[in-house]
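Colleague: for reference, the sequence and a predicted model appear below.
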Amino acid sequence: MNVRAPRKGESIDLLLEDIDDKGRAFGQFEGRTVRTRGGVPGSHVRVRVHRRRRSEIEAAIEEVLQPGENSVDARCRHFGSCGGCSFQNVLYRTQLAGLERSLERLLEPITALRPGLEMAPTLGCSEPWHYRNKMDFTFGNRRWIETSEPEGVASDFALGLHVPGRYDKVLDVQSCDIAFKEATPILNTARELALEAGLSGWDVHAHDGLLRHLLLRRSFASGEILAALFTTEEERSVVDPYLSKLLDTHPEITSCVQRIKPGSAMVASGGEERLLKGEGFITEKLGGLDYRISTDTFFQTNSLQAELLCKQVVAAAGVEEDEVVYDLCCGCGPWALSVAAMRRAASSPVYGFELVESAVEDARENARNNGIDNAVFIAGDIAKVLTPQSLNERKLPAPSLCIVDPPRAGLPPKVVRALTELRPRRIVYVSCNPRSAVRDLTLLGEGAYYVASIQPIDLFPHTPHLECVFTVELDGGGF
Ligand SMILES: C[S@@+](CC[C@H](N)C(=O)[O-])C[C@H]1O[C@@H](n2cnc3c(N)ncnc32)[C@H](O)[C@@H]1O
C-alpha cells in the first residue's frame, strides 16, 4: 500500500526511538524515518514537517506529548540556541548506547565483510561536564537574540559561539557546562571589559572591528591557563589596558598573548604573536609525558579521556622492540612519543609527520623535554612526503607499524594507496569521523588489509561525536 507522505508544514505525532551521529533523534512514521533536533528517545512528540525526502523527513518539535524515561533537564541556559551539546537533555548512558548503535550502523560496510568482527563497548567519560580544556570564543557585532529575551535588547556586541547555520550571528555565551570551569568567569569579564572600553567586535559583512576571538586553554595537570586574544590590528593603546584589566581580575591566567590577524578568515589560529604574560604556552600531561601547548597546537580537547585514548592507541600498536614506526598526522606528538617512550633504548626511531610547522616544533620540544631521543618529526603534507621518491630522498626506512590520526576529512586517497604500497604489518587508525574512516578502511581493504578490532571512546559527552581506534592488519587476502 502506498501511504501518503506528510506534507511540509503538517504536524504529526510519533515516538522517538533513537539518536543519530548528526545530533538528532528519530522515529518512524508510516514507513518513513522522521528526524528532529532536541528530541529524546522514548519520548512521544508532536513535530512539524519542514523537509521531505523520499524515505526521510526532517521536522521540528512542536510539543513533547510525553517525555520518556531517558529525558533529563538540560543544564545549560543556552540549550537549543547553541549548537554545542545537542544531547544535553538525554541521559548520558542513553546517549552512549544510542551513539554506539549509530556507529554500528555506519560501520556496517566494514563489519559485514568480516564475520566475528564486533565493536568493543564504548569507553564512556566518568566526568561528562567541564571536560573541555580549550574554548574558542568569537567576538561579533551581531548578537543572536534568544527566544527568552525581551524585545529591543542591545544586539550590537557579543562574545560567545557561532549559532549553527548562521555564520554572521554570535550567541552571547554566559556560561558553558562543558568548558573547563574557569572559562566562564574569564569569558564574562572579557565581555564586560570590552563593553566598558567601547571596543568593537568583528563585523562579518563590513570586514571591520577590532576584536575577533578569545581562545582559552587550560592544563588539567598543572592548572595553568593560556588566554589568546585575536585582534585585527595591534592597537596597543587600547589592547594593553584591556588585557591588563583582564589579567588583574583573573590572576589564574598564567600566560597571555595577543595574536594580530588582519583579514576575514574566521579561525582562531595564525597571526603575529605578542607575548603579554608568561611563556605563551601551558604544559599538559598525557601518558606520563609533558606536552607544551601553545595557541595553535592541536591537542585532544578532553584531557581525562585523552589518557584512555592514549592507552588504547599504545595497546593497539603493540610496538615491537626494533621496528620502524610512522605516526601520520602526529600533531605535537602524543602517539609517537608514547610509543617512543616505551622503548627508549630502541635503535629505530619513531617518525612523526605533521603539516603544521609550529606543531612539529612543539613535538620536537616535547621530545627534548621528556628526554626522548628516538623520535624524529618531519614537517610537511603527508600526501607529498609519503611518496617513495620523497621517502628515498629523506633516507627514511619503510615502516612496519603506522599510526594514523587524520582530521575529520580522513586520509587523502593518495595516502591510503601509499600505505598499501609501504605494507606495514599493522595500521592503528584513530578516527574522529566514522564516515571518512569507512571510506579509508574500505580502500585499505582493497589493498589486503583487514580490520581486526574497533574501540569507540567518548571524548565529547553530550555531542554526537565518538572517537574510534581501529586496529588494521595486513593479511594478504583483503577483507
Ligand atoms: C586529529 S589531529 C591528531 C593530532 C595528534 N595525533 C594528537 O592526537 O594530538 C590531526 C592532525 O593532522 C594534521 N594534518 C592535517 N592534514 C595533514 C596533512 N595533509 N599532512 C600532515 N598532517 C596533517 C593536523 O594539523 C593535526 O595536527
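Modeller: In hand now; what should we look at?

Colleague: what parts of this protein come near the ligand?
Modeller: Contacts of the chain with the ligand, taken as CB under 6 Å from any ligand atom, map to 298-300, 329-331, 334-335, 353-356, 359, 381-383, 405-407, 432. C-beta here means a position set from N, CA and C on the backbone, and glycine is covered the same way.

Colleague: cross the residues you listed against strands and list the overlap.
Modeller: Counting by DSSP state E, the residues of the chain next to the ligand place F353, E354 in strands.

Colleague: for PyMOL, write the select line for the buried members of the residues of the chain next to the ligand.
Modeller: Remark: buried members of those, expressed as a PyMOL selection using 16 or more other CB atoms under 10 Å:
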select buried, resi 298+299+300+329+330+331+334+335+353+354+355+356+359+382+405+406+432
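
Colleague: from the residues of the chain next to the ligand, which ones fall inside helices?
Modeller: P334, W335, A359, I382, A383 (DSSP state H).

Colleague: quick one: which of these is nearest A221?
Modeller: Of all those, the one with the least separation from A221 (CB to CB) is P334, at 13.3 Å.

Colleague: what's the neighbour count on the residue lying closest to the closest one once chain neighbours are set aside?
Modeller: In space, and not counting its chain neighbours, P334 is closest to L286: 5.3 Å by CB to CB, 6 or more residues apart in numbering. Number of residues near L286 (other CB atoms under 10 Å) recorded here: 23.

Colleague: cool, and F220?
Modeller: Counted with other CB under 10 Å, the neighbours of F220 add up to 18.

Colleague: OK, contacts around the nearest residue to it once chain neighbours are set aside?
Modeller: Nearest residue to F220 in three dimensions, chain neighbours excluded: S303, at 3.9 Å (CB to CB, 6+ apart). S303 sits next to Y131, N133, S219, F220, A221, E284, L286 when contact means CB atoms under 8 Å, 6 or more residues apart in numbering.

Colleague: just the ones of these in strands?
Modeller: Mapping those onto strands (DSSP E) picks out E284, L286.

Colleague: now the contacts of S303: which count as buried?
Modeller: Y131, N133, S219, F220, E284, L286.

Colleague: which pLDDT value goes with the closest residue to the ligand within the stretch 151-300 of the chain?
Modeller: Per CB to the nearest ligand atom, F298 is where the stretch 151-300 of the chain lies closest to the ligand, at 3.8 Å. We have a pLDDT of 91 for F298.

Colleague: so it makes contact with V356?
Modeller: Yes. With contact defined as CB atoms under 8 Å, F298 and V356 form a contacting pair (7.3 Å).

Colleague: mind listing the shared neighbours of these two?
Modeller: By CB under 8 Å, 6+ apart, the residues touching both F298 and V356 are G331.

Colleague: can you list the buried residues in the longest strand seen in the chain?
Modeller: Secondary structure of the chain per DSSP E: the longest strand is strand 56-66. If you call a residue buried by 16+ other CB under 10 Å, then strand 56-66 has these buried ones: I57, E58, A59, I61, V64.

Colleague: counting by contacts, list what the next helix or strand after that strand packs against.
Modeller: Next along the chain after strand 56-66, taking DSSP states H and E as the criterion, comes helix 92-106. Here helix 92-106 touches strand 18-19, helix 434-446, strand 449-457, going by 3 or more CB pairs under 8 Å, 6 or more residues apart in numbering; DSSP states H and E.

Colleague: show residues contacting helix 92-106.
Modeller: For helix 92-106, contacts defined as CB under 8 Å, 6+ apart pick out 18-21, 40-42, 70, 87, 90, 111, 119, 121-122, 124, 128, 434-435, 438, 456, 458, 461-462, 464, 466, 468.

Colleague: let me know the angle separating that helix from strand 449-457.
Modeller: For helix 92-106 against strand 449-457, the angle by axes from the mean of the first three to the mean of the last three CA atoms, to 10 degrees is 170 degrees.

Colleague: CA atoms only for helix 92-106, dumped as CSV, please.
Modeller: Provided in CSV are the C-alpha atoms of helix 92-106 (Å, rounded to 0.1, in the frame of the first residue of the first chain):
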residue,chain,number,x,y,z
TYR,A,92,24.3,10.2,29.4
ARG,A,93,24.1,6.3,29.3
THR,A,94,21.3,6.6,26.7
GLN,A,95,23.5,9.0,24.6
LEU,A,96,26.3,6.4,24.8
ALA,A,97,24.1,3.5,23.8
GLY,A,98,22.4,5.4,21.0
LEU,A,99,25.7,6.7,19.6
GLU,A,100,27.1,3.2,19.8
ARG,A,101,24.2,1.9,17.7
SER,A,102,24.6,4.7,15.3
LEU,A,103,28.3,3.9,14.9
GLU,A,104,27.5,0.2,14.4
ARG,A,105,25.1,1.2,11.5
LEU,A,106,27.8,3.4,9.9
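
Colleague: mind listing what's buried in stretch 281-293?
Modeller: By neighbour count on 16+ other CB under 10 Å, the buried set for stretch 281-293 is F281, I282, E284, L286, G287, L289, D290, Y291, R292, I293.

Colleague: max pairwise distance over these: which two?
Modeller: Across the buried residues of stretch 281-293, the longest distance by CB to CB is 18.8 Å; it joins F281 and G287.

Colleague: give me the below-cutoff pLDDT ranges for the protein.
Modeller: Within the chain, the segments meeting pLDDT under 70 span 1-3, 476-479.

Colleague: can you rerun that using 80?
Modeller: Applying pLDDT under 80 to the chain flags the ranges 1-4, 150-152, 344-347, 476-479.

Colleague: outline the domain layout of it.
Modeller: Partitioning the chain according to automatic domain parsing yields domains covering residues 11-66, 107-127+302-474, 134-286.

Colleague: and of the ones you listed, who's closest to C76?
Modeller: That would be domain 134-286 among those, by CB to CB, at 5.1 Å.

Colleague: list the contacts of the residue nearest to P334.
Modeller: With contact set as CB under 8 Å, 6+ apart, L286 has these partners: Q300, S303, A306, E307, C310, P334, S338.
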